[in-house]
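Asker: sequence-free structure coming up:
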């Protein structure tokens, strides 16, 4: 499981576009079955402003769809993948 981080310093800039670009790279490298969110809302990093807390997740969902992610891939990334791993573990 590889989670996309929401920290501008690591994804190359502020806003949703760098997060989406990084997420596309993760999917290209490991596939949509291994991609997930790595929000780090635990205070270790300062997330990009649109994703500063869970209220920004609908914005991320819309941005993923606008970037060409299928609804199936979005479902896997937002929920299904991590739930599968937790279940299997």
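Answerer: Received the coordinates, thanks. Treat the numbers as computed from the prediction; the structure is a model and nothing was measured.
Asker: would you mark the buried spots in stretch 70-85?
Answerer: Within stretch 70-85, the residues that count as buried by 16 or more other Cβ atoms under 10 Å are 73-74, 76-78, 80-82. Quick note: C-beta positions are derived from backbone N, CA and C, even for glycine.
Asker: spatially central residue for the protein, please.
Answerer: For the chain, residue 37 is the residue whose C-alpha lies nearest the centre (Cα atoms, centre = their mean; 3.8 Å).
Asker: could you pull out the helices for this protein?
Answerer: Here the chain has its helices, by DSSP state H, at 8-11, 16-30, 57-66, 71-75, 81-88.
Asker: roughly how far apart are residue 55 and residue 85?
Answerer: 25 Å (Cβ to Cβ, to the nearest Å).
Asker: for residue 74, same thing?
Answerer: 17 Å.
Asker: cool, residue 63 as well?
Answerer: Applying Cβ to Cβ, the value for residue 63 to residue 85 is 24 Å.
Asker: residue 48 is in contact with residue 8, correct?
Answerer: Yes: Residue 8 lies in contact with residue 48 (Cβ atoms under 8 Å); the separation is 5.1 Å.
Asker: so between those two, which is more surrounded?
Answerer: Set residue 8 next to residue 48 and count neighbours by other Cβ atoms under 10 Å: residue 48 wins out with 22 against 18.
Asker: quick check on the more buried one: phi, psi?
Answerer: When quoted as degrees, to the nearest 10, the phi and psi of residue 48 stand at phi -60, psi 140.
Asker: renumber starting at 45 from here on
Answerer: In the new count, where the first residue is 45, that last one comes out as residue 92.
Asker: show me what contacts it?
Answerer: The contact partners of residue 92, taken as Cβ atoms under 8 Å, 6 or more residues apart in numbering, are 50-52, 55, 58-60, 62-63.
Asker: and it, how far from residue 110?
Answerer: Residue 92 sits 17 Å away from residue 110, going by Cβ to Cβ.
Asker: can you get me the start-to-end distance on stretch 83-98?
Answerer: For stretch 83-98, the separation between the terminal residues is 9 Å (Cα to Cα, to the nearest Å).
Asker: over to stretch 71-82?
Answerer: Terminal residues of stretch 71-82 are spaced 14 Å apart (Cα to Cα).
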